[in-house]
Structures are given as C-alpha cells and as structure tokens.
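can't give you the sequence, but here's the structure:
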C-alpha cells in the first residue's frame, strides 16, 4: 500500500513545517518586538499539552501584536473561548511560533497551515470551525 503524501504548502509539506516551531523566550510575560512584521502561527501549551493554536498575520505587527493582544487591557484577542483561557493562564503557558515570512504570501501560507496544524495537534482550547475539521 502506498502512503499518500501531504500537499506542498509554501514549498514544504505539513510534516516539514511542523519541525520548524521555535520557542518564544518568556512566553506571554512580555512584548516581543523581534516578532514584529513576522507572520505565521503560534501555539501555546499548558504543561505538556498543546492548548491553543492560531495565526498572527496582521500587517501592522504580525505575531508580536497577536501575542500581545492576550495581555493588553482591552478585550482584543480574548473574546473567543481560547483567548479567555489563555488570559487566565498567561504566566503558565509555553509559547512557540512557526514563522512563515513577512509578506502577503507568508500570510496565505499561514492561513493554509492553520487548519492542518489544528487537525494534526488537536489543541484542547481551540474550537475549530467545521471547515477545519472536515475529513475527506
């Protein structure tokens, strides 16, 4: 029996992308200017379990802004289920990012990777849209 290979996304297979997660020192305890204008995915873990996974693809701040949204006094980033739980556990979470780049193409790659990573890792707090969990 032949194993079906996953499709290429941004020139890599999902398994290749999954090996590129990088730890974010100090997690959500501070702002990360080094991630400004870098886009991609973030994942947070509580203990050894991946709890949430999402994207930071905004043109004005990318991953840095998205991660800082969880700490800010405003409700930005905390209206949804995972956001509320992240806020409750801010200082306990381990954070990793998967940087896809810094331009429109990188944003598109990140958006394509998100449902596949959610399906692969099944983060406990991320409530996926039906389109993210469809099986073929």
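Yep, it's here. Computed from a predicted model, the values in this text were never measured in an experiment. Numbers count the residues shown, from 1 in each chain.

Tell me the predicted confidence for residue 83.
For residue 83, the pLDDT comes out at 85.

which parts of the lengthiest helix in the chain are buried?
Criterion DSSP state H: the longest helix present in the chain is helix 104-121. Across helix 104-121, burial judged by 16 or more other CB atoms under 10 Å covers 106-110, 112-118, 120-121. In this view, the C-beta of every residue, glycine as well, is placed from N, C-alpha and C.

how far out from the middle of the chain is that helix?
8 Å (CA atoms, centre = their mean, to the nearest Å).

can you list contacts of it?
6, 9-10, 14, 17-18, 39-41, 43, 50, 53-57, 98-101, 126, 128, 131-133 (CB atoms under 8 Å, 6 or more residues apart in numbering).

now do stretch 5-21
43, 96-100, 105-106, 109, 112-113, 116-117, 120.

follow-up on the earlier one: and the buried residues of helix 104-121, which is closest to residue 30?
Closest approach to residue 30 among those (CB to CB): residue 110, at 22.9 Å.
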